[in-house]
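S.K.: After the sequence you'll find the predicted model.
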Amino acid sequence: MNAEQGLHLRPVRMGTMRAEAETRADGTVYVRSLELLGAYPRSMTDRLAHWAAVTPDAVFIADRGEDGGWRTVTYAEANRLIRPLAQAMLDAKLSPEHPLLILSGNEIEHALLGYAAMLVGVPHAPLSPAYSLVSKDFAKLKYIVGQLEPGMVYASDGEKFGPALAAAIDPAIPLVVRKNPPAGRASRLFSDLTQTVPTTEIDAANATVTADTIAKFLFTSGSTGMPKAVITTQRMLTCNQEMIRTALAFLADEPPVLVDWMPWNHVAGGSHNLGIALYNGGSFYVDDGMATPEGIRRTVRNLTDIAPTLYFNVPKGYELLVEHLLADQPLRDSFFSRVKLLQYAGASLSQHVWDGLDSAARAATGERIMIITGYGSTETAPFAFTTTWVVDRAGLVGLPAAGLEIKLVPDGEKLELRLKGPNVTPGYWKAPDKTAECFDEEGYYKIGDALKFAEPGNIARGFVFDGRVSEDFKLATGTWVNMAGVRAGAIAAATGLMRDIVLTGLDRNHIGALIFPDLTACRALADLGPDVSGEEVVAHPAVRAAFQQRFDALAANATGSASHIARAVIVGTPPSSDAGEITDKGSINQRAVMAARAQLVADLYADPAPSHVMSFERKAR
């Protein structure tokens with residue numbers, strides 16, 4: 001971070017992170033956290049009941065209503081409302097074999113239904129709205145419905161979700177909507193469900209809930225294939241929140257305030273972020289924006305209204321937000337007025353974003369704001385690693401959470417990460433083969449990533465993410481390519497112009513790349529209107545010249561063929577969710593992209609290269 005030396009860091013109480021490591025004769029490294037994991041409750045609804053008794057009038061969840069104003073639900077109201085909803089689920093005979101399916105995005109009703117299901121031991125499955133609203137063939141939605149056999153389905157807007165409901169949901173399955181009941185099929189309004197009369201059956205069902213009861217199914221597609229249902233237990237949720245509070249100790253000092261857009265069908269939004277608010281008696285304001293040039297304007301509005309005490313975003317979200325923070329004083333003053341910590345995950349934060357956040361914080365407060373990062377997955381609930389110190393390098397993930405054990409298994413030139421702890425999933429629903437594949441003989445979960453020591457011989461400095469074990473490949477020369485390193489360099493080189501990149505080169509003579517540009521930024525660069533197609537944008541001389549300059553500079557600094565992107569194609573059509581090119585987490589699926597765009601990959605290695613293929617020469621050293 002290029003902050004001024006000696007500049008005051010806003011005080012924030014962080015926990016300590018300590019671990020010990022043991023290296024075995026075969027090179028396997030066993031690492032154990034030395035921090036004790038505190039006691040955690042049986043279920044997340046026990047925390048709701050706790051705060052309903054302690055701070056009944058505090059805002060629990062808020063979202064934007066039809067009139068644009070904030071709708072709010074207090075802890076007491078939420079604790080009361082989930083009982084009639086739970087009774088309606090019991091009346092409908094919901095169970096782990098016939099759970100609640102939620103098609104809609106983040107909103108108060110979504111949250112209340114989820115906690116109502118948890119209250120009586122019924123799993124719920126929040127799905128990516130894209131499966132219903134973006135997909136054309138509804139293939140993933142149909143697959144999930146077939147796998148789960150839901151006993152009830154919730155869709156916020158029956159008309160909006162109508163095509164998906166008609167295509168994938170049997171009319172015999174009870175349907176609940178917040179508004180606009182779909183024509184031609186039976187449904188109930190959410191407001192009607194809240195009028196269900198609770199019975200003692202609720203308390204009897206709740207008494208059977210244990211820490212091992214399934215709370216929800218979260219779907220993750222991984223690198224290939226249809227989505228897998230990750231079993232998420234109550235223990236995973238509650239112990240993970242205790243792990244978080246052990247590291248972010250300030251959460252115990254005062255109720256946190258979050259303004260957050262991350263989708264609840266993803267573990268970061270629905271388990272980590274919403275869970276932080278509930279576990280610590282905080283207030284969660286649903287941000288109806290997202291990390292896009294259009295969505296960020298709604299985020300700006302929300303952050304101007306509500307000042308968070310801690311803030312989570314993905315690197316792209318921070319990149320878009322920084323522009324507004326530097327230019328908009330009311331936003332800047334609100335955002336930094338009481339925020340104690342910024343956290344990012346999912347990718348590296350570019351240096352210019354670091355510097356922009358630092359400049360905006362200093363302009364608003366005269367202080368620096370602590371920035372940290374973390375690491376985990378859907379299968380780890382997700383919190384597994386974090387730093388409790390200021391991040392000073394890309395890829396640093398810190399140390400394992402309290403109560404977590406890991407081992408690092410030599411795999412070629414890398415150390416493959418495996419994890420064991422109370423926050424790790426017991427497996428995948430109705431997929432014993434996939435479950436068996438993901439655990440080793442000692443019961444460690446094989447996450448598929450690699451880590452390396454930030455400083456060899458000094459575990460106190462933590463670990464650095466070292467890419468996916470399966471992503472590295474050899475060129476035809478036998479030279480290994482470190483996918484994570486080359487990819488990070490390319491993203492840094494094309495900051496502001498590129499959304500993502502897929503690298504090619506297995507058994508080839510050089511590294512190639514399929515570049516997915518930021519079409520909005522490229523249109524602005526070339527002074528093109530929004531109606532100009534992506535193919536026309538990427539063919540524009542100004543756009544090609546900008547990428548040529550960036551990747552020529554990258555090639556000039558390459559140390560050899562293993563770090564030299566020699567050719568690239570700028571792709572005019574964004575990655576497709578239906579084709580599996582985008583996972584449900586929103587990340588790029590390298591293999592699916594190469595399969596779907598096989599001709600472009602072939603073009604990267606054609607001789608002579610087609611005109612749309614760009615070449616970047618490496619200077620002789």
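M.R.: Noted; the coordinates are in hand.
S.K.: How far does stretch 179-196 sit from its chain's centre?
M.R.: On the basis of C-alpha atoms, centre = their mean, to the nearest Å, stretch 179-196 sits 31 Å off its chain's mean C-alpha point.
S.K.: send the alpha carbons of it over as CSV?
M.R.: Output of stretch 179-196 as CSV, limited to C-alpha atoms (Å, rounded to 0.1, in the frame of the first residue of the first chain):
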residue,chain,number,x,y,z
LYS,A,179,-46.4,-10.2,-5.8
ASN,A,180,-47.9,-10.8,-9.3
PRO,A,181,-49.1,-14.4,-9.0
PRO,A,182,-48.5,-16.1,-12.3
ALA,A,183,-51.5,-16.8,-14.5
GLY,A,184,-52.6,-20.3,-15.0
ARG,A,185,-51.2,-21.9,-11.8
ALA,A,186,-52.0,-22.0,-8.2
SER,A,187,-49.9,-19.9,-5.8
ARG,A,188,-50.0,-18.2,-2.4
LEU,A,189,-48.9,-14.8,-1.4
PHE,A,190,-46.1,-14.4,1.1
SER,A,191,-48.3,-12.1,3.1
ASP,A,192,-50.9,-14.9,3.4
LEU,A,193,-48.3,-17.3,4.7
THR,A,194,-47.5,-14.9,7.5
GLN,A,195,-51.1,-15.3,8.7
THR,A,196,-50.7,-19.0,9.3
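S.K.: contacts for it?
M.R.: Outside of stretch 179-196, the residues within contact range by C-beta atoms under 8 Å, 6 or more residues apart in numbering are 81, 84-85, 87-88, 91, 109, 113, 154, 156-162, 165-166, 171, 174-178. C-beta: built from backbone N, CA, C; applies to glycine.
S.K.: let's see 6 Å
M.R.: 81, 84-85, 87-88, 109, 157-159, 162, 165, 171, 175-178 (C-beta atoms under 6 Å, 6 or more residues apart in numbering).
S.K.: Could you tell me which of those are located in helices?
M.R.: Counted as lying in helices by DSSP state H, out of the contacts of stretch 179-196, are 81, 84, 85, 87, 88, 109, 162, 165.
S.K.: surely the third one meets residue 114?
M.R.: So the one you mean is residue 85. No. Between residue 85 and residue 114 there is no contact under C-beta atoms under 6 Å: 9.7 Å.
S.K.: Can you give the domain ranges for this protein?
M.R.: By the assignment in automatic domain parsing, the chain contains the domains 19-40+240-466, 71-209, 473-615.
S.K.: Go through those and name the closest to residue 234.
M.R.: Closest approach to residue 234 among the domains of the chain (C-beta to C-beta): domain 71-209, 6.8 Å.
S.K.: Now find how far off-centre the closest one is within its chain.
M.R.: Per C-alpha atoms, centre = their mean, the centroid offset for domain 71-209 relative to its chain is 23 Å.
S.K.: gap between the two ends of that domain?
M.R.: Domain 71-209 has an end-to-end distance of 31 Å (C-alpha to C-alpha, to the nearest Å).
S.K.: Quick check: mean pLDDT of it?
M.R.: Averaging pLDDT along domain 71-209 yields 97.
S.K.: can you pull out the helices in the stretch 1-150 of the chain?
M.R.: According to DSSP state H, counting those that start in this stretch, the stretch 1-150 of the chain carries its helices in the segments 44-54, 75-91, 108-119, 130-133, 139-148.
S.K.: Most tightly packed of those helices?
M.R.: helix 108-119 (a mean of 25; mean count of other C-beta atoms under 10 Å).
S.K.: send the alpha carbons of it over as PDB?
M.R.: What follows is helix 108-119, C-alpha atoms only, in PDB (Å, rounded to 0.1, in the frame of the first residue of the first chain):
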ATOM      1  CA  ILE A 108     -36.500  -9.500   3.400                       C
ATOM      2  CA  GLU A 109     -38.900 -12.200   2.400                       C
ATOM      3  CA  HIS A 110     -36.000 -14.400   1.200                       C
ATOM      4  CA  ALA A 111     -34.200 -14.100   4.500                       C
ATOM      5  CA  LEU A 112     -37.300 -14.700   6.600                       C
ATOM      6  CA  LEU A 113     -38.200 -17.900   4.700                       C
ATOM      7  CA  GLY A 114     -34.700 -19.200   5.000                       C
ATOM      8  CA  TYR A 115     -34.600 -18.700   8.800                       C
ATOM      9  CA  ALA A 116     -38.200 -20.100   9.100                       C
ATOM     10  CA  ALA A 117     -37.000 -23.200   7.400                       C
ATOM     11  CA  MET A 118     -34.000 -23.500   9.700                       C
ATOM     12  CA  LEU A 119     -36.200 -23.100  12.800                       C
END
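S.K.: what helices or strands is that helix leaning on?
M.R.: helix 44-54, strand 59-64, helix 75-91 (3 or more C-beta pairs under 6 Å, 6 or more residues apart in numbering; DSSP states H and E).
S.K.: Which among those is found nearest to residue 591?
M.R.: Of these, the one closest to residue 591 (C-beta to C-beta) turns out to be helix 44-54, at 35.7 Å.
S.K.: got the helices and strands packed on helix 108-119 as TSV, with distance to residue 250 columns?
M.R.: Shown next, in TSV, are the helices and strands packed on helix 108-119 (distance: least, C-beta to C-beta, whole Å):
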stretch	distance to residue 250
helix 44-54	18
strand 59-64	20
helix 75-91	21
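S.K.: Relative to residue 602, tell me which of these wins on proximity.
M.R.: Nearest of the helices and strands packed on helix 108-119 (C-beta to C-beta): strand 59-64, 47.4 Å.
S.K.: about what we covered before: and the ones in helices among the contacts of stretch 179-196, which is closest to residue 590?
M.R.: residue 165 (33.0 Å).
S.K.: now the helix or strand bottoming out on mean pLDDT in the chain, how far from the chain's geometric center?
M.R.: The weakest-scoring helix or strand in the chain, judged by mean pLDDT, DSSP states H and E, is strand 473-474 (a mean of 76). For strand 473-474, the distance from its own C-alpha centre to the chain's C-alpha centre is 28 Å (C-alpha atoms, centre = their mean).
S.K.: Quick check: neighbours of the helix or strand that that strand is followed by in the sheet, parallel or antiparallel?
M.R.: Downstream of strand 473-474, the next assigned helix or strand under DSSP states H and E is strand 480-481. Sheet pairing for strand 480-481, assigned by DSSP bridges, gives strand 473-474 (antiparallel).
S.K.: By residue count, which strand of the chain is the longest?
M.R.: Assignment by DSSP state E gives strand 445-453 as the longest strand of the chain.
S.K.: What is the distance between that strand and the centre of its chain?
M.R.: In terms of C-alpha atoms, centre = their mean, the centre of strand 445-453 is set 18 Å apart from its chain centre.
S.K.: Output the ones in helices among the contacts of stretch 179-196 as JSON lines; include the columns distance to residue 474.
M.R.: Below are the ones in helices among the contacts of stretch 179-196 laid out as JSON lines (distance: C-beta to C-beta, whole Å):
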{"residue": "81", "distance to residue 474": "57"}
{"residue": "84", "distance to residue 474": "60"}
{"residue": "85", "distance to residue 474": "55"}
{"residue": "87", "distance to residue 474": "60"}
{"residue": "88", "distance to residue 474": "57"}
{"residue": "109", "distance to residue 474": "51"}
{"residue": "162", "distance to residue 474": "50"}
{"residue": "165", "distance to residue 474": "48"}
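S.K.: Tell me the one of these nearest residue 356?
M.R.: residue 109 (36.4 Å).
S.K.: and that closest one, how far is that from residue 562?
M.R.: Distance of residue 109 to residue 562, given as C-beta to C-beta, to the nearest Å: 52 Å.
S.K.: Could you do residue 256 as well?
M.R.: For residue 256 relative to residue 562 (C-beta to C-beta), the value is 44 Å.
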